[in-house]
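[1] okay, sequence plus prediction incoming.
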Amino acid sequence: MGLLTGSIIDTISIGGLSITGNRAPTGDVQNGVQVAIDAATSGTVTTWTDANTGVITASGHGITTGDKVAVFWTSGSTAEKRVEMTATVSGAAVTVDGGSGNDLPDVDTVVTIARMVQIEVACHPAGLQAWAMILDQAGVAVTHDFDGTADETIELTADEAYENISGMHTNAFANTSGWIYVATSAVTAAVFKSGYIGDAE
Amino acid sequence: MDATIRSAINIGGVAINSTTTRSEESAVTYSDTLAAGTSGTLSTRTDDNTGVVTASGHGLSVSDTVDVYWTGGVRYGMNVTAVSGDDVTVDAGSGDVLPAQATAVVICEAVEINMDFDGDDMAMLAIGCNKRAHLDFQDSASASLFAVEITADEPYRWSNDQEHTRPITGNAVDKVLISNGTTAAGTLKVGALLSAN
């Protein structure tokens, strides 16, 4: 058991019941980050080349060539996205390519596009005791191992923490996470927070 | 009907305040005293799922279903196949394999409570107990749908659309077998928020 301690205080209201609790995960390593996340920019798919290649025209996007970007749209009532696309910029036109997620939608589909912010973390799956992350706008986080390989894509609902707590959740992480790429689908700047505590491998 | 999970998290110097609210049509709940277990010793270990627990004042009878707890493990749904004074022969069950002979244990009858709901309709599930406890959600054929150990004062909670696998699927829940892993009575609470289907 490590010397570091976190706390998770729960207050649950369900069906008239009140359930409270207090976890104190311990470990010998922990890290916390709080990072500003760029607002997404509204745009339109102006060219659809294939399922993972196209051009999005979005005035004032602030994206530069080489950035990883995420594209968000709604299909029917379903929120869809494609993440970690590589951007090539020419004025308001952003050519996007690659990535993973849903197939790019048709020409003229309204989307939001956002630069994915790279955040350094160090989270070891074998020793994980608790990992919580939250975004105050809707968005997505993609964890990467130290070699840069994408591991888990986590959809984040505004103000709802994603948690992976030993003893309650199946450990979702196969590899040590070295970075997280985070983007919001909202056209408002966001704040991302992450806290990890665990045992060193 | 709303159900809400508020979590105040502080890890690595970062404060994370999370509010998860789901609105659905109904909820099923349970809240009652959880009877204490009895302390004892695994006096005979026949194999991984068979042994004799010696526990004074256990109050158990042949054919009871019991859960056996020890530090670091629990075996649940065991059958009491014989009782001779303080000696309770237990067999079968699921969970961790029985510990080494002479290990201190708590043995507790798994009490059946009636809860009827379809896990596929759940939008939220919360379980809390102020004692170590075990719950085994079962269908009408007594097949286990979801078994979970609860640490005292550390609620289990699940909400849909949060990346974690739905814990109960398939057949509807018909009953829950509950037990206490300590020698003091506790309070167990279970709530499931359900959509109408």
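    Yep, it's here.
[2] what's the mean pLDDT across stretch B:84-92?
    Mean pLDDT, stretch B:84-92: 98.
[3] now do stretch A:96-106
    For stretch A:96-106, the mean per-residue pLDDT is 97.
[4] next one: that stretch to chain centre, how far?
    Centroid displacement of stretch A:96-106 relative to its chain, using Cα atoms, centre = their mean, to the nearest Å, is 16 Å.
[5] and the end-to-end length of it?
    End-to-end distance for stretch A:96-106, by Cα to Cα, to the nearest Å: 14 Å.
[6] how many other residues sit next to residue 189?
    Looking at chain A here, since you left the chain open. Counted with other Cβ atoms under 10 Å in any protein chain shown, residues neighbouring A:Ala189 total 13. Just so you know, the C-beta spots here come from the backbone N, C-alpha and C atoms, and that holds for glycine as well.
[7] chain B was what I was after
    So B:Lys189, with other Cβ under 10 Å, has 22 neighbours.
[8] report the beta-bridge partner residues of it.
    With DSSP bridges as the criterion, B:Lys189 is bridged to B:Ser31, B:Gly128.
[9] contacting residues for it?
    By Cβ atoms under 8 Å, 6 or more residues apart in numbering or on different chains, the residues touching B:Lys189 are A:Leu17, A:Ile19, B:Thr29, B:Tyr30, B:Ser31, B:Ala126, B:Ile127, B:Gly128, B:Cys129.
[10] separation between it and B:Ile113?
    Separation of B:Lys189 from B:Ile113 (Cβ to Cβ, to the nearest Å) stands at 12 Å.
[11] outline the domain layout of the chain.
    All of this refers to chain A. Taking automatic domain parsing as the criterion, chain A consists of the domains A:29-37+A:117-198, A:41-111.
[12] not quite, I wanted chain B
    Split by automatic domain parsing, chain B gives B:23-34+B:111-194, B:38-109.
[13] touching chain A at all, stretch B:58-71?
    No: on the criterion Cβ under 8 Å from any Cβ of the partner chain, stretch B:58-71 is out of touch with chain A, staying 13.8 Å away.
[14] residues making contact with that stretch?
    So stretch B:58-71 is contacted by B:37-38, B:40, B:42, B:53, B:74-83, B:86, B:88, B:90, B:93, B:98-99, B:103-110, B:132, B:134, B:177, B:179, B:181-182 (Cβ under 8 Å, 6+ apart).
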